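Asks: predicted coordinates and the sequence they were generated for:
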There are 2 protein chains.
Amino acid sequence: MDIRTLCLGLLTLRESSGYEIKKAFESELAPFYEASFGSIYPALGRLTEEGLVSRTEQAQEKRPDKKVYRITSAGRLAFLDALAEPPSRDRTRSDFLAILLFADLLPARHLAGLIDERLAAHQSAARQIKSELAATLPAGRRFVLGHALALYEAAIAYVEENRHLVESEALLAKAGPGSGSGSGSGRLTAP
Amino acid sequence: MDIRTLCLGLLTLRESSGYEIKKAFESELAPFYEASFGSIYPALGRLTEEGLVSRTEQAQEKRPDKKVYRITSAGRLAFLDALAEPPSRDRTRSDFLAILLFADLLPARHLAGLIDERLAAHQSAARQIKSELAATLPAGRRFVLGHALALYEAAIAYVEENRHLVESEALLAKAGPGSGSGSGSGRLTAP
DNA sequence: GAAACCATGTAAGTTGTTACATGATTGG
DNA sequence: CCAATCATGTAACAACTTACATGGTTTC
């Protein structure tokens, strides 16, 4: 799903300026999409040309005119079509995991620092989602926020329980065959 | 971390042809990176020019010469430098979650189909990771595989427990305020 | 007999980011 | 007083992907 389509989708929720669309990417669509102004403004321009959104300008003193975009009925239909398409599979890129794959090339204290930072970041993200979940929310939003929270919490738990795998110098070269550890909870090898 | 650097990293594990690097992306670096031939071959060419890898050609009958790449000591140093850089934050894009955010625009049976497919895909991915974890593995690889497994399992559990949020027509318009549901386990609202 | 695997590479195209250009207002 | 917020846009650049080009071999 490209930025253009996502802008259209966000405009089904409420009318917005480009600036507000950016913020919507950072709340509604975080943490599973992001977009910069450099892609949002051209996308809104194209949607306007295509008649999928309409634009009204609100003059403002001492600021550039605010341009408010509203989705048109053609836009709604187009967005429904896009939603009906089979979703392409998730794509993730994680420097953190790439680095940890090569853990044996790095000193344990460096890894410990990286892991501490990651845990702190995830804990703060989880806390923020929890506070958002306290409000009344549309079902889709609630589902998606809860999903993000569940993944953050799983990642935190996993990293806390298994960081010893990459932090013990003695174990860096190799680890014994897994004891199965069926359900992903608990340590993957003895400490 | 760009494809070029990741190729270099994979070559610290073993010497490989471009074709084998592609497969390594699909095993070692899955599911948190991917790359096509169109980026791998040029990356290997550039690394060779820069002296970070060496290339030897193995003539083969009835096939293009196989070109085997080996990392050089300059290459090892360069990769260590890259690993020491602070990791950029994870970026995920998920059409599935984007679609679910707009669940109220879609019929419940369509959503049910999407969710069934996602569960099947995640279950199969989890099964495959479990079988890989049965072998003896370097610590970094084990950590990273276990991480992927933990996230798949958390996603499966969450979706199974909360799909009712988006599948009950009656609840589509809005959901009540959360009962907190502190630790992400359990349902977010009553069924 | 079709699909997947082996094996390399290029060119064109997509999609997006970063930096540039500009500048007032508000909150800590 | 410094950072963040509000507000829009363009141009240059980066990084990939897809499709094209080629073709034997192995497995179901």
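Replies: Great, that's in hand. Residues are numbered from 1 along each chain as shown, chains lettered A, B, ... in the order given.

Asks: every contact and neighbour count from this point should use C-alpha atoms.
Replies: Will do.

Asks: what's the span of stretch A:77-92 from first residue to last?
Replies: For stretch A:77-92, the first-to-last residue distance is 29 Å (CA to CA, to the nearest Å).

Asks: that stretch near DNA strand C at all?
Replies: No. Judged by CA under 7 Å from any atom of the strand, stretch A:77-92 makes no contact with DNA strand C; its nearest approach is 12.2 Å.

Asks: domain-wise, how is chain A divided?
Replies: A:3-84, A:95-171 (automatic domain parsing).

Asks: could you dump those into TSV with distance to DNA strand D and mean neighbour count added?
Replies: Listed next are those as TSV, based on distance: least, CA to the nearest atom of the strand, whole Å; neighbours: other CA atoms under 10 Å in any protein chain shown:
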stretch	distance to DNA strand D	mean neighbour count
domain A:3-84	4	17
domain A:95-171	11	19
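
Asks: dump these to CSV, plus mean pLDDT and distance to residue B:115.
Replies: Formatted as CSV, those follow (pLDDT from 0 to 100; distance: least, CA to CA, whole Å):
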stretch, mean pLDDT, distance to residue B:115
domain A:3-84, 95, 13
domain A:95-171, 95, 12
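
Asks: residues in contact with stretch A:81-93?
Replies: Under the criterion CA atoms under 8 Å, 6 or more residues apart in numbering or on different chains, residues A:1, A:5, B:31-33, B:90-96, B:99 lie in contact with stretch A:81-93.

Asks: rerun at 7 Å
Replies: Contacts with stretch A:81-93, where a contact means CA atoms under 7 Å, 6 or more residues apart in numbering or on different chains, come from B:32, B:33, B:90, B:91, B:92, B:93, B:94, B:95, B:96, B:99.

Asks: which phi and psi does the fifth one have?
Replies: Dihedral pair for residue B:92: phi -120, psi 140, per degrees, to the nearest 10.

Asks: burial count for it?
Replies: 17 (other CA atoms under 10 Å in any protein chain shown).

Asks: in space, what's closest to it - neighbours in sequence excluded?
Replies: Nearest residue to residue B:92 in three dimensions, chain neighbours excluded: residue A:92, at 4.3 Å (CA to CA, 6 or more residues apart in numbering or on different chains).

Asks: I'd like the next helix or strand past the host helix or strand of residue A:129.
Replies: Per DSSP states H and E, residue A:129 falls inside helix A:108-133. Once the chain leaves helix A:108-133, the next helix or strand it forms, by DSSP H and E, is helix A:139-162.

Asks: export that next one as CSV, just CAs?
Replies: Only the C-alpha atoms of helix A:139-162 are listed here, as CSV (Å, rounded to 0.1, in the frame of the first residue of the first chain):
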residue,chain,number,x,y,z
ALA,A,139,-12.8,-1.2,16.7
GLY,A,140,-10.2,-1.2,14.0
ARG,A,141,-8.0,1.3,15.8
ARG,A,142,-8.4,-0.7,19.0
PHE,A,143,-7.4,-3.9,17.3
VAL,A,144,-4.4,-2.4,15.6
LEU,A,145,-3.2,-0.6,18.8
GLY,A,146,-3.6,-3.8,20.8
HIS,A,147,-1.7,-5.7,18.2
ALA,A,148,1.2,-3.3,18.4
LEU,A,149,1.2,-3.5,22.2
ALA,A,150,1.2,-7.3,22.2
LEU,A,151,4.2,-7.3,19.9
TYR,A,152,6.1,-4.8,21.9
GLU,A,153,5.5,-6.7,25.1
ALA,A,154,6.5,-10.0,23.5
ALA,A,155,9.7,-8.4,22.2
ILE,A,156,10.5,-7.0,25.6
ALA,A,157,9.9,-10.3,27.4
TYR,A,158,11.9,-12.2,24.8
VAL,A,159,14.8,-9.9,24.9
GLU,A,160,14.9,-9.8,28.8
GLU,A,161,14.8,-13.6,29.0
ASN,A,162,17.3,-14.3,26.2
